[in-house]
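**Student:** Return atomic coordinates for the entry below.
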Amino acid sequence: MRLWTVQHHTVPAILETTGELAGDWAKIMVSSYAPAYREMVAEMARRGVDCAGRPPIWAWTGPDTRDADVVLTAELLLGPTTAEEYATYVILDLIVPDEIVVLSSYGRWNTYLDAILFGEGPPYMDWTIDPHEQDEPGRVQACLPVLKRSWVLNARPFEEWREPSVS
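**Tutor:** A predicted model of the protein is given here:
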C-alpha cells in the first residue's frame with residue numbers, strides 16, 4: 001500500500017542504522033494523547049496487527065505527491081511556523097504490506113480525541129471510513145506497528161508550501 005508519513009528529521013538515519021523504527025511512549029508528541037493512542041493500539045490488535053505494546057507510527061494513504069495536499073495535511077498536524085520548525089521534519093514516501101496497515105477516518109479520529117481530551121461527546125471511536133473520504137487527501141490515516149527501512153521509497157525535507165510561480 002502506498003503511504004506517506006512525516007517524521008523527525010533523524011528517522012532516515014535511524015532507519016539506515018537499525019533498519020526499523022518502533023513507536024516509543026516516551027516520545028509521543030503530546031502525552032495527553034496516550035489514552036487515545038492506546039485505543040488505536042487495541043484496535044490494531046483486534047484487527048490482527050501487533051504493536052508489541054508500543055504506540056503506532058502514523059501515516060496517510062496515497063503517495064507523497066509533493067504538492068499542497070501532502071504539505072497542508074502535515075502543516076495542520078504539526079503547526080510549523082518557522083523554517084527551523086519545518087526543518088525538524090522529513091516526509092517519507094512508503095510502500096507498506098497491506099496486512100500490517102490499519103486504516104481509519106482522520107476526521108473521526110479527531111472527534112474521538114476531542115471527546116477524550118475535552119469531554120466533547122462520548123469517548124467512542126467510530127472506526128468506519130466514509131466512501132468520499134477515500135478520495136480526499138489527508139482524510140484516511142494509516143497506522144503501522146513499525147516503520148522499516150525497506151519500505152521507504154523516498155525521503156525529502158518538509159518545506160512550507162508555496163504556489164508554483166507562473167513565468
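**Student:** just checking, what packs against the helix or strand of the chain with the lowest mean pLDDT?
**Tutor:** When the helices and strands of the chain are scored by mean pLDDT, DSSP states H and E, helix 68-78 comes last with a mean of 83. Applying 3 or more CB pairs under 8 Å, 6 or more residues apart in numbering; DSSP states H and E, one finds that helix 68-78 makes contact with strand 2-8, strand 89-95. Every residue, glycine included, has its C-beta placed from N, CA and C.
**Student:** Kindly present the ones you listed as TSV, with separate columns for distance to residue 109.
**Tutor:** Conversion of the helices and strands packed on helix 68-78 to TSV gives the following (distance: least, CB to CB, whole Å):
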stretch	distance to residue 109
strand 2-8	15
strand 89-95	19
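**Student:** From what I see, residue 107 and residue 139 are in contact.
**Tutor:** Yes: in this structure, residue 107 is within contact of residue 139 by CB atoms under 8 Å, at 6.4 Å.
**Student:** where does this structure have low pLDDT?
**Tutor:** 164-167 (pLDDT under 70).
**Student:** And the contacts of stretch 82-92?
**Tutor:** Residues lying outside stretch 82-92 but in contact with it, judged by CB atoms under 8 Å, 6 or more residues apart in numbering, are 4-9, 11-12, 64, 70, 74, 78, 80, 147, 152, 154-160.
**Student:** Which ChimeraX command selects the buried ones in these?
**Tutor:** Written as a ChimeraX command, the selection of buried residues from the contacts of stretch 82-92, which uses 16 or more other CB atoms under 10 Å, is:
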select :4,5,6,7,11,12,64,70,74,80,147,152,155,158
